[in-house]
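1. I would like to see how this sequence folds:
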Amino acid sequence: DHLIDDVHAIAQSPLFGDSEISGLASIEHKIAHLDNYIDTHKHQYDSIAVFDTNGKLLYQSKSPRPLDPGEDYSNREHFQRAIQSKTVSVNTQQIYSAASVNNSLDVAAPIKDQETGAILGVVAARMPLTNWQHIFQPSLLQGLEHKLIDSTGQVFAADEKELIGRDAGMDFKDLPELMA
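-> Numbers count the residues shown, from 1 in each chain. Below is the predicted model of the structure:
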């Protein structure tokens, strides 16, 4: 939930959605704002980026895996859903296998003009799977279980490593209906 709240808060920032403030702020100031989120949310995000409505990267926080500024990101599922639904979108398309260092959860939200409501762009945050254990640490200390399931119904993260890669439908009988 806090991931969605964070991305939504960044997207609603006057620094991006207020044309007067945005016009006065330098690119460096906007990047520093994104870097601040990275710094204050240790072990969560490895990238926060802002795109125009055509999927062109405008600026990105510091990141161990920087995005390619020449790439068109408009074809990404979470980008398209954020624009179309005009709300926060979560994508698990980047989850390949439990062993991959490139596994991530991507959360995107539209940046809306605070006066007109028109969509100005998209902010997207990437949280690597390797960082998720920090999120679940308090739950683990309390003895609570967790399982994260991708769009195909496979467990890609869990408190019990032997569950990773397993069909979640075996444990959750209603899952096929929920995913339909």
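
2. Might you list the low-confidence residue ranges for this structure?
-> The chain contains residues with pLDDT under 70 at 1, 92-102, 130-141, 143, 150-151, 156-157, 178-180.

3. now the helices for it?
-> Counting by DSSP state H, the chain has helices at residues 2-12, 14-17, 19-24, 27-40, 77-85, 129-141, 175-179.

4. can you redo those helices as CSV with mean neighbour count and distance to G153?
-> The C-beta positions use only the backbone N, C-alpha and C, and glycine is treated the same way. What follows is the helices of the chain, written out as CSV (neighbours: other C-beta atoms under 10 Å; distance: least, C-beta to C-beta, whole Å):
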stretch, mean neighbour count, distance to G153
helix 2-12, 17, 21
helix 14-17, 19, 36
helix 19-24, 12, 41
helix 27-40, 15, 32
helix 77-85, 18, 17
helix 129-141, 14, 17
helix 175-179, 12, 6
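
5. Next, format these as a markdown table and append distance to A168.
-> Output for the helices of the chain, formatted as a markdown table (distance: least, C-beta to C-beta, whole Å):
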| stretch | distance to A168 |
| --- | --- |
| helix 2-12 | 20 |
| helix 14-17 | 36 |
| helix 19-24 | 42 |
| helix 27-40 | 31 |
| helix 77-85 | 20 |
| helix 129-141 | 16 |
| helix 175-179 | 6 |
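
6. out of these, which comes closest to K62?
-> helix 27-40 (5.3 Å; C-beta to C-beta).

7. Summarise which helices and strands that closest one is packed against.
-> Secondary-structure packing of helix 27-40 (3 or more C-beta pairs under 8 Å, 6 or more residues apart in numbering; DSSP states H and E): helix 2-12, helix 14-17, strand 47-52, strand 57-60.

8. In space, what's closest to the spatially most central residue of the chain - neighbours in sequence excluded?
-> The C-alpha lying nearest the average C-alpha coordinate of the chain belongs to V107 (C-alpha atoms, centre = their mean; 2.3 Å). If the residues on either side of it in the chain are set aside, V107 comes closest to V7, at 4.5 Å by C-beta to C-beta, 6 or more residues apart in numbering.

9. cool, V88 as well?
-> Excluding its sequence neighbours, the residue lying closest to V88 (C-beta to C-beta, 6+ apart) is A109, at 4.5 Å.

10. same thing with L144?
-> In space, L144 is closest to D159, 7.8 Å off (C-beta to C-beta, 6+ apart).

11. Right, I'll leave it there.
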